[in-house]
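Visitor: Build me a model from this:
(chains A and B)
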Amino acid sequence: MKRFLARIYVWVLLVLLYAPVVFIAVCSFTESRVMGNWTGFSFKLYGNLFGGVMQGGSALLSAIENTLVIALLAALFSMLLGTLAAIGIHNLRGRKRNTMQLLNNIPIVNPDVITGVSLFLLFVFLKVSQGYVTVVLAHITFCTPFVVLNVMPRLTQINPNTYEAALDLGATPAQAFAKVLVPQLVPGMVSGFILAFTMSLDDFAVTFFTRGTIGLDTLSTYIYTDARKGGLTPELRPLMTLIFLLMLVLLVIVNVRANRRNKIEVEK
Amino acid sequence: MDKFIIELKHLSKSFDDKKVLEDINLQIRQGEFVTLLGPSGCGKTTILRLIAGFLKPDDGSILLEGKDLSDVPPYKRPLNTVFQRYALFPHLDVYDNIAFGLKLQKVPGEEIEKRVRKVLKLVSMSDYEERDVESLSGGQQQRVAIARALVNRPKVLLLDEPLAALDLKMRKDMQIELKEMHDKLGITFIYVTHDQEEALTLSDTVIVLKEGKIQQTGTPADIYNEPVNSFVADFIGDSNILNGIMVRDRRVKFLYHEFDCVDEGFGENVPVDVVVRPEDIYIMNRTEGSQFTGVVKSCTFKGVHYEMFVMTDEGYELMVQDYNAFEIGSTVGLIIKPQDIQVMKKERVCNSYRGVMKGADRVEFLGAEFECVPGDFKEGDPVEVEVDFRKVDLMDDKEDGCTYGTVASILYKGNHYFLRVKTESGEDIYSHTQDVWDKYDTVGIKILPQDIRIKKLTGDE
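Guide: Next comes the predicted model:
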């Protein structure tokens, strides 16, 4: 009886968690303009989405493009910056190291709205005209701490003698870094990249405050504006379903990688 | 003049404020197998890291074939290191690990292949080229690490406790193999270990270190048979270390008996340390013809010999090794031959410190204030303070003493313990005690006022 109740509880929880996503996914396979009305199964919305045949089609497509390009740029730069920062923090000792780790963790727990507003004020203060560049900079800013968080544990696993061994075998510090240190950090860097990519992808608050007035839209800001105009464009339903699937795949990749690594560690 | 491949001159190194190496001077010949031996924290690994170039000395210089290495970065030194935890590159397979150095030197591919094959054969790992290094056992990983260093044909191979992580059997096998490789290749080996047996087995020359200072340099036989001080004697092999008095040349008194010995030049009636190896004490069932007698307290079989503790009639406990077992409780006769008695100068005969008077009956030394017998001194006078070893009282509770410290080393001297206690001020105080303490115990230090001898410090000092 107890086990039965426990199982029911888990299922209720899962249904509550996934019902909205499943609802949108189901609604993406019908033609009704009004969300929630089932007018028979159809791929038409998917067709419209990929054909660009819809209301505000080109604006949506450019929003998608912006989102992906910004996410890739932010993930790439924050991966590089975060890795270097992690190496730097790792080589600090005692109090300095703890302080730096704390400073790295604060932006992570800081609410997005505050990050967004403060970046907005900073850009205004520095008289940087806001647009594409400021959004990318802002995204790099809030993604970097996540990369640091992913690379740090990797660094502690590395045998510090491997870097010295490379020097010993005739590698210059730069060669030792590139040929010995970085290859060992790659798994952490990739996890950090994927995490940064997803963080950037679903960001709304920071983008909203830093995109300026040039009419730059990412997916999240586009949907926000679209929904306020009265009713969601129906073609967004298949789009959201696809994004959900993409996230699911990325998540599975990250988890499988982590599992494989753990297994190797256990075997040793 | 002999040709030295490596010379260390007045090498000093501190970490933060702690001195790890003090004025190290060392000369190593081409082709020699040299071992740096000492307990953990003695600075042996630091010396190796200085030679490899991972650390810079605060003072002094390192010469390779007469040329100063000070400004040569580690990657330009023709030396290679085998690390304690192997430090193989986990993202490369066995072949690429070994080829790493050669590829950096832009050695042609064909030659790389030839040299890697050859060195793999040398370490008996020929079939493992493609293997992932993480899938290898500890012993195999160490072989790869040795191969990776040797393939570059270094002038000197540095080995930092390379066998410490292996089990006993594997360690013994690798010792033999290392020795064979050394003989075959003719490369100079500098080997760091805390295992005295390993040092004696492998080396041409052993350098015994303690707290950043060289204690003794010599062949394994020299170090074992003629240790220069009680630390070396205690660290290398089993030994009975006893207090003695050099009566005159070739005559020493210890265990309340006088013995003939072969040592000269200590002077007359000078306190000395005496070392007798347990296998050098002759033990027999009869007492006539013996130099002194005792009662067997314990007897343990050790494979080849028996190890016995014998309590002498005068109350000294001696370790004796013999091929025959002697019954516990039986009275035995004992003999020590003159050439088996190693006499060593005492490093110190009492504790002595610089101090300052803090009042007529207060003196400050060891970072604390002690009560003393009022004498001809006034406040602020700098003085020299002396305390006999047996007058230093150690207490369980650190609050009970005038100051406190931790037990840094323990030496059993037959009927008492000789302890070195590191105090809060960083200075050492030595105590002669009957009580049993463990290393790293925190102890209170108490000295009675009448046991503190105070002498005026002359102005020039």
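Visitor: contacting residues for the spatially closest residue to B:Leu185 that is not a sequence neighbour?
Guide: Ranked by CB to CB, 6 or more residues apart in numbering or on different chains and with sequence neighbours excluded, the top spatial neighbour of B:Leu185 is B:Leu150, at 7.1 Å. From N, CA and C alone the C-beta is placed, and that goes for glycine too. By CB atoms under 8 Å, 6 or more residues apart in numbering or on different chains, B:Leu150 lies in contact with B:Asn80, B:Val119, B:Leu122, B:Val123, B:Leu157, B:Met181, B:Leu185, B:Ile187.
Visitor: tell me the contacts of the second one?
Guide: In other words, B:Val119. Counting by CB under 8 Å, 6+ apart, B:Val119 has contacts B:Ile98, B:Ala147, B:Leu150, B:Val151.
Visitor: OK, contacts around the first one?
Guide: In other words, B:Ile98. Applying CB under 8 Å, 6+ apart to B:Ile98 gives the contacts B:Val116, B:Val119, B:Leu120, B:Val144, B:Ala147, B:Arg148, B:Val151.
Visitor: The fifth one contacts B:Met125, correct?
Guide: Yes: with contacts counted by CB atoms under 8 Å, B:Ala147 reaches B:Met125, the gap being 6.7 Å.
Visitor: and chain B, which of its residues are near chain A?
Guide: Contact residues (CB under 8 Å from any CB of the partner chain) of chain B with chain A: B:52-54, B:73-76, B:79-81, B:83-91, B:100-101, B:104-105, B:134, B:148-149, B:152.
Visitor: Buried subset of these as a PyMOL selection?
Guide: This is how PyMOL selects the buried members of these, with burial counted by 16 or more other CB atoms under 10 Å in any protein chain shown:
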select buried, chain B and resi 52+53+54+74+75+79+80+81+83+84+85+86+87+88+89+90+91+100+101+104+148+149+152
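Visitor: and the residues of chain B next to chain A, which of them are in strands?
Guide: In strands, judged by DSSP state E, the following of the residues of chain B next to chain A are found: B:Leu79, B:Asn80, B:Thr81.
Visitor: Is it possible to get a markdown table of the residues you listed that adds pLDDT?
Guide: Listed next are these as a markdown table, based on pLDDT from 0 to 100:
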| residue | pLDDT |
| --- | --- |
| B:Leu79 | 92 |
| B:Asn80 | 93 |
| B:Thr81 | 94 |
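Visitor: List just the nearest of these to chain A.
Guide: The shortest approach to chain A among these belongs to B:Thr81, at 4.8 Å (CB to the nearest CB).
Visitor: That closest one contacts A:Thr162, doesn't it?
Guide: No: contact criterion CB under 8 Å: B:Thr81 and A:Thr162 do not qualify, at 11.9 Å.
Visitor: following the helix or strand containing B:Asp173, which helix or strand shows up next?
Guide: Using DSSP states H and E, B:Asp173 falls within helix B:168-185. The first helix or strand that comes after helix B:168-185 along the chain, using DSSP H and E, is strand B:188-193.
Visitor: got the contact list for that next one?
Guide: With CB under 8 Å, 6+ apart, strand B:188-193 has contacts from B:5-6, B:28-37, B:44-45, B:47-48, B:51, B:155-164, B:178, B:182, B:199, B:202-203.
Visitor: give me that answer again for 7 Å
Guide: Contacts to strand B:188-193, defined as CB atoms under 7 Å, 6 or more residues apart in numbering or on different chains, come from residues B:5, B:28, B:30-37, B:44-45, B:48, B:51, B:155-161, B:182, B:199, B:202-203.
Visitor: So which of those residues sit within strands?
Guide: Judged by DSSP E, these include B:Ile5, B:Ile28, B:Phe33, B:Val34, B:Thr35, B:Leu36, B:Leu37, B:Val156, B:Leu157, B:Leu158, B:Leu159, B:Asp160 as members of strands.
Visitor: Could you check how many residues crowd around the fifth one?
Guide: Going back to what we said before, that points to B:Thr35. 27 (other CB atoms under 10 Å in any protein chain shown).
Visitor: For the residue nearest the centre of chain A, list the residues it contacts.
Guide: With distances taken as CA atoms, centre = their mean, the residue of chain A nearest its centroid is A:Thr198 (1.8 Å). Taking CB under 7 Å, 6+ apart, we find A:Thr198 in contact with A:Met247, A:Leu250.
Visitor: Report the secondary structure state of B:Ser14.
Guide: strand (DSSP: H, G, I helix; E, B strand; the rest coil).
Visitor: Equivalent analysis for B:Gly294, please.
Guide: Taking three-state DSSP, the label given to B:Gly294 is strand.
Visitor: check contacts around it.
Guide: B:Val310, B:Met311, B:Thr312, B:Asp313, B:Val332, B:Leu334.
Visitor: and these, which of them are in strands?
Guide: B:Val310, B:Met311, B:Thr312, B:Val332, B:Leu334.
Visitor: so the last one makes contact with B:Gln291?
Guide: Yes: shown here, B:Leu334 and B:Gln291 form a contact pair, counting by CB atoms under 7 Å, at 6.4 Å.
Visitor: neighbour count winner among the two?
Guide: Using other CB under 10 Å as the criterion, B:Leu334 and B:Gln291 rank with B:Leu334 on top: 20 against 16.
Visitor: Quickly note the distance from B:Leu448 to B:Arg143.
Guide: Distance from B:Leu448 to B:Arg143, counting by CB to CB, to the nearest Å: 61 Å.
Visitor: Looking at these two, which is more packed in?
Guide: Comparing B:Leu448 with B:Arg143 by neighbour count (other CB under 10 Å), the higher total belongs to B:Arg143, at 23 against 13.
Visitor: who's in contact with that one?
Guide: B:Val123, B:Met125.
Visitor: Just the element for it, please.
Guide: Residue-wise, B:Arg143 maps onto helix B:138-150 under DSSP H and E.
Visitor: tell me which residues of stretch B:253-269 are tucked away?
Guide: B:Lys253, B:Phe254, B:Leu255, B:Phe259, B:Cys261, B:Asp263, B:Phe266.
Visitor: Need the residues that contact it.
Guide: With CB under 7 Å, 6+ apart, stretch B:253-269 has contacts from B:242-252, B:272, B:274, B:291-292, B:312, B:314, B:316, B:336, B:338-339, B:341, B:343, B:345.
Visitor: buried set for the helix or strand hosting A:Ile89?
Guide: Using DSSP H and E, A:Ile89 maps to helix A:57-90. Neighbour-count burial for helix A:57-90, with 16+ other CB under 10 Å as criterion, is recorded at A:60, A:63-64, A:66-67, A:70-75, A:77-79, A:81-83, A:85-87, A:89-90.
Visitor: What mean pLDDT does that helix get?
Guide: Averaged over helix A:57-90, pLDDT sits at 91.
Visitor: Same question for stretch B:262-281.
Guide: On average, stretch B:262-281 scores 91.
Visitor: chain center to that stretch: distance?
Guide: 20 Å (CA atoms, centre = their mean, to the nearest Å).
Visitor: What is the neighbour count of the closest residue to chain B within the stretch 1-150 of chain A?
Guide: Relative to chain B, the nearest point of the stretch 1-150 of chain A is A:Arg93 (10.4 Å; CB to the nearest CB). A count of nearby residues for A:Arg93, using other CB under 10 Å, gives 7.
Visitor: from the contacts of B:Ile98, which is closest to chain A?
Guide: Once CB to the nearest CB is applied, the member of these that ends up nearest chain A is B:Arg148, at 7.0 Å.
Visitor: give me the low-pLDDT residue ranges for the stretch 51-200 of chain A?
Guide: By pLDDT under 70, the weakly predicted segments of the stretch 51-200 of chain A are A:52-57.
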